[in-house]
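Asker: Fold the following.
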Amino acid sequence: MPTTIHSTRRIALAFPTGVAHLERTLHGIHEYATEHGGWSLVISPEAHFLPVSSLQGWDGDGVIAMINTPDDARIARSLGVPVVNISGALEDAGLPRVRVDYRAAGQLAAEHLLDGGFRRFAYYGLQGFWYARLFGEGFAERVGEYGAKCVVHESPPSIGAAKPWQQGQAELEAWLSTLQTPVGLAASHDNRARMVIDACHRLQLQVPEDVAVIGLNNDTLTCEYCNPPLSSVARNAQQVGYQVAALLDRLIQGEQPPPRDILIEPVGVVRRASTNVLAVEDPQLAKAVRFIQENVGQPFGVQAVLEHSNVSRRWLEYAFQKWLRRTPHAFICETRVAHAQKLLASSDELSYSEIARACGFSSNKRLNVVFRRITGVAPREFRETQRKQSVQNR
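Answerer: Numbers count the residues shown, from 1 in each chain. This is a model prediction of the structure:
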């Protein structure tokens, strides 16, 4: 029998609201609540986190929670109101859940590093957390499809650890020292990825030339203030929030919970300097790549690359597909578009025709066609988005 619907539903948010990707989840929840009306969101009045244990005896209508431990799960199941879990810490908490497809996120991280020419891979995981295992499995599976192996190192979380914090750092450094470079490395979340970058600095390993590093969550503060800035898989947290609110609404109205987790596909990779490198070990291919990058402002085609590299077209096509997973023509176009993006983001003074010439395009029309094909938006849209982001960050 459906639960009685109150005029205003009180929904407790039992997860940390001060974490960047969880703030985006909160925006998604708020978006759903605003669209449908009649929701009152309950958070801790003096802290950024309302633990699920504090809700025992609470007489609200529903809970959106991060269920990270068996105790959390036991308490949540005893509350007497619908609870939806947004955490991937436990494989099965016995509660309905909306979460990111962590395996798909790992595959995206692998594809990003494969596109960078890497053929050696490593994964820095987090013991005892199911989402980290899924992310690592997706990463290793995708690189395995290309005949590569992934070296895995897992360690327990440093928060609340009984052993000294420095001990974990020493273990990480010892493991990194065993890796053959260049290597593409994924970490189970952005803070772990930053730990890797800091350890590389101490070991005098260059990022990204020796170790290219990618994380998960795209937490802006962590990623942007890292040195170098950290590439990361964005998790589409706002959509997670919207869908978790929609599911909770259905449960409050008496619907049965879904038999499986509701999965939200990750948005994609946000590329920053920590992976901005091509790991090209073949000297002839490296020569071709350098020619393209150094002459990006000139109107040349594949024939010019062949003449400079002194190789056959068949070999060049084979080498680009094997190591960089695209044709020479596609690589030339992507290099031109990447240069156009830098110019569009850094200057409002250059006209689109001037940018087209500076990137080796024959015309503004050709710039528009290739730019839209590769990025999905027109140069004008890209520039406008960059302007808005610049204003927001001031």
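Asker: end-to-end on stretch 307-325?
Answerer: One end of stretch 307-325 to the other measures 22 Å (CA to CA, to the nearest Å).
Asker: next one: stretch 60-67
Answerer: One end of stretch 60-67 sits 18 Å from the other (CA to CA).
Asker: and if you look at stretch 291-309?
Answerer: End to end - CA to CA - stretch 291-309 spans 8 Å.
Asker: Check which residues of it are buried.
Answerer: For stretch 291-309, burial by neighbour count (16 or more other CB atoms under 10 Å) applies to Phe291, Ile292, Asn295, Val296, Phe300, Val302, Val305, Leu306, Ser309. The way it works is simple: take the backbone N, C-alpha and C, and place the C-beta from them, glycine included.
Asker: Find the nearest non-adjacent residue to the last one, please.
Answerer: So that's Ser309. Ala288 (4.4 Å; CB to CB, 6 or more residues apart in numbering).
Asker: For that neighbour, which residues are in contact?
Answerer: Contact analysis of Ala288 by CB atoms under 8 Å, 6 or more residues apart in numbering lists Val305, His308, Ser309, Val311, Leu316, Ala319, Phe320, Pro328.
Asker: Return the distance of it relative to Val296.
Answerer: 13 Å (CB to CB, to the nearest Å).
Asker: With pLDDT and secondary structure as added columns, please give the buried residues of stretch 291-309 in JSON lines.
Answerer: Below are the buried residues of stretch 291-309 laid out as JSON lines (pLDDT from 0 to 100; DSSP: H, G, I helix; E, B strand; the rest coil):
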{"residue": "Phe291", "pLDDT": "94", "secondary structure": "helix"}
{"residue": "Ile292", "pLDDT": "93", "secondary structure": "helix"}
{"residue": "Asn295", "pLDDT": "94", "secondary structure": "coil"}
{"residue": "Val296", "pLDDT": "93", "secondary structure": "coil"}
{"residue": "Phe300", "pLDDT": "94", "secondary structure": "coil"}
{"residue": "Val302", "pLDDT": "95", "secondary structure": "helix"}
{"residue": "Val305", "pLDDT": "95", "secondary structure": "helix"}
{"residue": "Leu306", "pLDDT": "94", "secondary structure": "helix"}
{"residue": "Ser309", "pLDDT": "90", "secondary structure": "helix"}
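Asker: who touches Leu179 in this structure?
Answerer: Contacts of Leu179 by CB under 8 Å, 6+ apart are Arg120, Ala122, Val151, Leu185, Val211.
Asker: What are the phi and psi values at it?
Answerer: Backbone torsions of Leu179, given as degrees, to the nearest 10, read phi -80, psi 140.
Asker: Make 34 the first number, not 1, from now on.
Answerer: Shifting the count to begin at 34 puts that one at Leu212.
Asker: my read: Gly393 touches Val329, true?
Answerer: Yes - between Gly393 and Val329 there is a contact under CB atoms under 8 Å: 5.8 Å.
Asker: Return every residue with contacts to both of those two.
Answerer: Common neighbours of Gly393 and Val329 (CB under 8 Å, 6+ apart) are Arg369.
Asker: quick one on the thing from earlier: tell me which of the contacts of Leu212 fall in strands.
Answerer: Ala155, Val184, Leu218, Val244 (DSSP state E).
Asker: give the contact list for the third one.
Answerer: Under the criterion of CB under 8 Å, 6+ apart, the contact list for Leu218 reads Phe154, Ala155, Tyr156, Tyr157, Leu212, Val229, Val244, Ala245, Val246, Ile247.
Asker: What's the separation between the fifth one and Leu236?
Answerer: Distance of Leu212 to Leu236, given as CB to CB: 10 Å.
Asker: repeat for the first one
Answerer: From Phe154 over to Leu236 the distance is 18 Å, taken as CB to CB.
Asker: Comparing those two, which residue is more hemmed in?
Answerer: Phe154 (26 against 14; other CB atoms under 10 Å).
Asker: shouldn't the more buried one be in contact with Pro215?
Answerer: No - counting by CB under 8 Å, Phe154 sits too far from Pro215 to count as a contact (10.5 Å).
Asker: quick one: which of the ones in strands among the contacts of Leu212 is nearest to Asp92?
Answerer: Comparing these against Asp92 with CB to CB places Leu218 closest, at 48.5 Å.
Asker: The nearest residue to that closest one once chain neighbours are set aside: neighbouring residues, count only.
Answerer: Closest residue to Leu218 apart from its sequence neighbours, by CB to CB, 6+ apart: Ala155 at 4.4 Å. Counted by other CB under 10 Å, the residues lying close to Ala155 total 26.
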